[in-house]
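>>> give me coordinates for this.
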Amino acid sequence: MTATPLLPDLTARARTTAHARTAPCPCGATTTLTDRPDGTVVRHEDTVAKAHAPHTDPADLTARLTTAARLPGILLPPLDPTPLHLHDRLVTCWPYGIPVDPDDPDAAPWEAAATLLAHLHRTPAPTPLPPMRGPLKAVRAITRLREAGPHPAAAPVLRAWTRLPSWARAEALQPDTTTLCHGDLHLGQLVRHPAPDGPWLLIDVDDLGVGVPAWDLARPAAWYACGLLPPDEWSRFLAAYRAAGGPAVPSTGDPWPALDVPARTLTVQTAALAIVKAVAADRPLDEVERAVVDACDRMGSVPAELAPGSAK
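Numbers count the residues shown, from 1 in each chain. Below is the predicted model of the structure:
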């Protein structure tokens, strides 16, 4: 990870907040969990401090924090719904939760993730929110791909992108402007709180907003469609979402007419970022990256609107 001028002050903020919450504080080492241009996260004992991406809109972030504070059984509540200013960044503080163990895939909480999503999608937004940022992240991935320079795998990815409807490319208003969505669902967005064995909760509100709820199912759907998620795990996830009354897909029957466009878009986004990283590292695509590019090649031959489920 790259050290930044922000990091010492963010570390101090985490320590100060932790000491105010826990007396006496065990005061072990402060750990940097993430240090990237789009977000820096540090932990001190039971407290996490996060510096959000540069140019984050304060009003949008405050609305997202307010939503998390008002939905404590679904989203991990912030310690304060008002962000702080540190250098040129907005900073928020959170209780620490135990994340999903990446080394134990059999214990992945697919049912919990699906149930939380269903509850989120069924809950009216407690305060006005901006659109969820899923489609915008796909646009940024394509922009980065075009800026990365020529690559033999780029053509099928860009071709698949052009076959997506305008709303998926963030060129038009999303068809649903009322449903509360997470915007960037994956297993890294769940923690147990209170630690170590509390209930699972969703974290990371940076993409939270209103939009098409199928977007929150898009990543596991895309992984399944590309052969990267076993059918049993996909079936468990889908069944749990339906059992909890999730509105993104019909309660019975074929889910793919609802999931096809979001799953395709996530596949394109994943492939674009894979190529960008491969170009930056001057290395070939690995097996997983090749799989998502191949899926884009298959998808690019038929418009998404005319072929529900054809990404599979």
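>>> CA atoms for contacts and neighbours, from now on please.
OK.
>>> state the number of residues packed around residue 44.
Residue 44 is flanked by 26 other residues according to other Cα atoms under 10 Å.
>>> again with residue 78
22.
>>> ramachandran coordinates for the residue found closest to it once you drop the neighbours it is linked to in the chain?
In space, and not counting its chain neighbours, residue 78 is closest to residue 94: 4.7 Å by Cα to Cα, 6 or more residues apart in numbering. Per-residue torsions, residue 94: phi -140, psi 150 (degrees, to the nearest 10).
>>> and the one 5 residues further on, by the same measure?
The phi/psi pair for residue 99 (degrees, to the nearest 10) reads phi -80, psi 170.
>>> same deal with residue 36?
Dihedral angles (degrees, to the nearest 10) for residue 36: phi -130, psi 160.
>>> ok, now residue 124?
Dihedral angles for residue 124 - degrees, to the nearest 10 - are phi -60, psi 140.
>>> dump the residue contacts of it.
For residue 124, the contact set (Cα atoms under 8 Å, 6 or more residues apart in numbering) comprises 178, 179, 180.
>>> for these, pick the one with the most neighbours.
That'd be residue 180 among the contacts of residue 124, by other Cα under 10 Å, with 26 neighbours.
>>> residue 161 is in contact with residue 268, isn't it?
Yes - counting by Cα atoms under 8 Å, residue 161 sits close enough to residue 268 to count as a contact (6.5 Å).
>>> more neighbours, the two?
Between residue 161 and residue 268, residue 268 has the larger neighbour count (other Cα under 10 Å), namely 30 against 26.
>>> quick one: contacts for the residue nearest to residue 78?
Each residue near residue 94 by Cα under 8 Å, 6+ apart is listed here: 47, 48, 49, 76, 77, 78, 79, 80.
>>> take the residues you listed and keep only those in helices.
Assignment to helices by DSSP state H places none of the contacts of residue 94 there.
>>> of those, buried ones?
47, 48, 49, 76, 77, 78, 79 (16 or more other Cα atoms under 10 Å).
>>> what sits against the first one?
The reference is to residue 47. 14, 15, 17, 18, 93, 94, 95, 96.
>>> separation between it and residue 37?
As judged by Cα to Cα, to the nearest Å, residue 47 and residue 37 stand 21 Å apart.
>>> helix, strand, or coil at residue 34?
Under DSSP: H, G, I helix; E, B strand; the rest coil, the three-state class of residue 34 is strand.
>>> which residues pair with the residue nearest to residue 78 across the strands?
residue 48 (DSSP bridges).
>>> pLDDT score for it?
pLDDT for residue 94: 97.
>>> start the count at 35, not 1, going forward
Will do, 35 is the new start, and the previous item becomes residue 128.
>>> run through the strands of the stretch 135-284 of the chain in chain order.
Taking DSSP state E, counting those that start in this stretch, the strands of the stretch 135-284 of the chain run over residues 214-215, 224-226, 234-236, 243-244.
>>> CSV for those strands, including mean pLDDT and distance to residue 320?
Compiled in CSV, those are given as follows (pLDDT from 0 to 100; distance: least, Cα to Cα, whole Å):
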stretch, mean pLDDT, distance to residue 320
strand 214-215, 98, 31
strand 224-226, 97, 27
strand 234-236, 98, 30
strand 243-244, 97, 33
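>>> wait, isn't residue 144 in contact with residue 267?
Yes - Residue 144 is within contact range of residue 267, at 7.1 Å (criterion: Cα under 8 Å).
>>> which regions of the stretch 235-346 of the chain sit below the pLDDT cut-off?
Counting by pLDDT under 70, the stretch 235-346 of the chain contains low-confidence residues at 336-346.
>>> if you set the cut-off to 80 instead, what comes out?
Within the stretch 235-346 of the chain, the stretches with pLDDT under 80 are 334-346.
>>> can you put the contacts of residue 158 in JSON lines and add distance to residue 292?
Shown next, in JSON lines, are the contacts of residue 158 (distance: Cα to Cα, whole Å):
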{"residue": "212", "distance to residue 292": "17"}
{"residue": "213", "distance to residue 292": "15"}
{"residue": "214", "distance to residue 292": "17"}
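>>> ok, which stretches of the chain are helices?
Going by DSSP H, the chain shows helices at 40-55, 92-104, 144-156, 168-181, 188-196, 252-259, 265-277, 290-315, 321-333.
>>> would TSV of those with distance to residue 77 be doable?
What follows is these, written out as TSV (distance: least, Cα to Cα, whole Å):
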stretch	distance to residue 77
helix 40-55	6
helix 92-104	19
helix 144-156	24
helix 168-181	26
helix 188-196	38
helix 252-259	28
helix 265-277	30
helix 290-315	27
helix 321-333	31
